[in-house]
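Engineer: From the sequence below, what's the structure:
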Amino acid sequence: MHSVSLQGQAPPPPRHFLEPADTLDKARFRICLASGAALYAGASYGLYHLWYKNYDLIGFHTFNDMREWNQMDKFGHILTAYNESSIAYYWARWTGLDRTRSMVMAAGIGTLLQGTVEVMDGFSEKWGFSWGDIAANSLGVGFFIGQELAWRDQRILMKVSSTRPDYPDISVPANDGGPPMSLKLRAEELFGSPFSESFLKDYNGQVIWVSANLSAFSGQHRPGWLPRWLNLAAGYGAENMFGGFDNTWEGENGNTYTLDAEAFPRYRQFYLSFDVDLRRIPAHKRGLRLLFGALNWIKIPAPTLEVNTNGGVKFYPLYW
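Structural biologist: Model prediction:
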């Protein structure tokens, strides 16, 4: 008889750091908790200095802002809550948590992050706790969770684009006979000067998009000519807003100003465009797929049709 030597099976190759774990990886979970806490603290600190530092703190109060900014801020809350929930979900899945627990964590984190903003608003003299914002936050979280429950996929993304308008340097006369004020200066006071600040604040330049993947909705009968990454996007924006409710404001010198409504009418904009779901672009490198996922909340420039409530119809060969 010949002796047979049985060799043990070779150990599985080590998991790539970016590859989601099959079961809960406690080390990864601790990494997510620590990094999440650090990001939360840093974002809260930065938000305070960006939005609240220059305004007095008062007792907690509520504020009805449903009519402000032609609801652009509400769409912004939906967008932010949706994407925060999305990031939290994929972080949780990376640690090895199952789908159900990951969705619960995503909903909790999205609600916590946006709730923190509302608490800050509630103590700020400039703003106030807004039930409208809470409703918008809940819609954003629910939009993510609902798609996970229905499709186990995010077929419809929420994205943003932002191109700052070229504000004219014209003088707006004071209502009470005081010195005039530059409209460009008013825009800088409201929305900031650096692009990083105006990207977040300038509602005149922002468009909030819902971007649907055409291939995902075509099912098993996807035409061969249809790329898996191609999306159709509908957007909402607004223009000529130099105050929350209207275009009357008070300057630092105490004078009040009102912008000519005929020259600068406040109006809404509706867009139709193509887009790209970066997650569906074939990429073999995990780092590249991570980068695509991290940038997938930004609308890709594309040919765009605009219809607005000022009676205008415009076509842009390339719009962002």
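Engineer: rest of the way, CA atoms for contacts and neighbours
Structural biologist: Noted.
Engineer: Just list the residues touching residue 60, thanks.
Structural biologist: 122, 123, 124, 128, 129 (CA atoms under 8 Å, 6 or more residues apart in numbering).
Engineer: same deal with residue 187?
Structural biologist: Residue 187 touches 167, 242, counting by CA under 8 Å, 6+ apart.
Engineer: Check what pLDDT residue 192 gets.
Structural biologist: Each residue has a pLDDT score; the one for residue 192 is 87.
Engineer: All the strands of the stretch 151-300 of the chain, residue numbers only.
Structural biologist: Secondary structure of the stretch 151-300 of the chain (DSSP state E, counting those that start in this stretch): strands at 156-162, 171-172, 181-182, 206-213, 230-239, 248-250, 256-258, 267-276.
Engineer: Tabulate the contacts of residue 60 (a markdown table), appending distance to residue 95 and neighbour count.
Structural biologist: Shown next, in a markdown table, are the contacts of residue 60 (distance: CA to CA, whole Å; neighbours: other CA atoms under 10 Å):
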| residue | distance to residue 95 | neighbour count |
| --- | --- | --- |
| 122 | 35 | 21 |
| 123 | 36 | 19 |
| 124 | 37 | 22 |
| 128 | 37 | 21 |
| 129 | 34 | 22 |
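Engineer: Tell me the one of those residues nearest residue 252?
Structural biologist: Nearest to residue 252 among the contacts of residue 60: residue 124, at 18.4 Å, using CA to CA.
Engineer: Nearest residue to the closest one in space, ignoring adjacent ones along the chain?
Structural biologist: residue 57 (4.8 Å; CA to CA, 6 or more residues apart in numbering).
Engineer: Please point out which parts of whichever strand or helix holds residue 137 sit buried.
Structural biologist: Counting by DSSP states H and E, the element that carries residue 137 is helix 131-151. By neighbour count on 16 or more other CA atoms under 10 Å, the buried set for helix 131-151 is 132-134, 136-146, 148.
Engineer: between those residues, which is closest to residue 17?
Structural biologist: For these, the nearest to residue 17 is residue 148 (24.5 Å; CA to CA).
Engineer: So that closest one versus residue 179, what's the distance?
Structural biologist: 56 Å (CA to CA, to the nearest Å).
Engineer: Average pLDDT for the host helix or strand of residue 107, rounded please.
Structural biologist: Under the criterion of DSSP H and E, residue 107 resides in helix 99-123. Taken as a whole, helix 99-123 carries a mean pLDDT of 95.
Engineer: got a list of contacts for that helix?
Structural biologist: Residues contacting helix 99-123 (CA under 8 Å, 6+ apart): 40, 44, 52, 57-62, 77, 81-82, 84-90, 92-93, 127-130, 133-134, 137-138, 141-142, 145.
Engineer: and residue 230, how many neighbours?
Structural biologist: Neighbourhood size, residue 230 [other CA atoms under 10 Å]: 20.
Engineer: Can you give me the distance of it to residue 250?
Structural biologist: Note on residue 230: its distance to residue 250, by CA to CA, is 46 Å.
Engineer: what separates the helix holding residue 137 from the chain centre, distance-wise?
Structural biologist: 13 Å (CA atoms, centre = their mean, to the nearest Å).
Engineer: Kindly calculate the angle that that helix makes with helix 99-123.
Structural biologist: On the basis of axes from the mean of the first three to the mean of the last three CA atoms, to 10 degrees, helix 131-151 is oriented at 170 degrees to helix 99-123.
Engineer: Packing partners of helix 131-151?
Structural biologist: helix 72-95, helix 99-123 (3 or more CA pairs under 8 Å, 6 or more residues apart in numbering; DSSP states H and E).
Engineer: switch the cut-off to 6 Å
Structural biologist: In terms of contacts (3 or more CA pairs under 6 Å, 6 or more residues apart in numbering; DSSP states H and E), helix 131-151 is packed against helix 72-95.
Engineer: Give me the mean pLDDT for the helix it packs on.
Structural biologist: 96.
Engineer: Quick one: list the elements packing against it.
Structural biologist: By 3+ CA pairs under 6 Å, 6+ apart, helix 72-95 packs against helix 99-123, helix 131-151.
Engineer: Now render those as JSON lines, adding distance to residue 303.
Structural biologist: Below are these laid out as JSON lines (distance: least, CA to CA, whole Å):
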{"stretch": "helix 99-123", "distance to residue 303": "32"}
{"stretch": "helix 131-151", "distance to residue 303": "27"}
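Engineer: so which of those helices comes closest to residue 254?
Structural biologist: Among those, helix 99-123 sits nearest to residue 254 (CA to CA), with 23.8 Å.
Engineer: Would you mark the buried spots in the closest one?
Structural biologist: Buried residues in helix 99-123 (16+ other CA under 10 Å): 99, 102-103, 105-107, 109-111, 113-115, 118-123.
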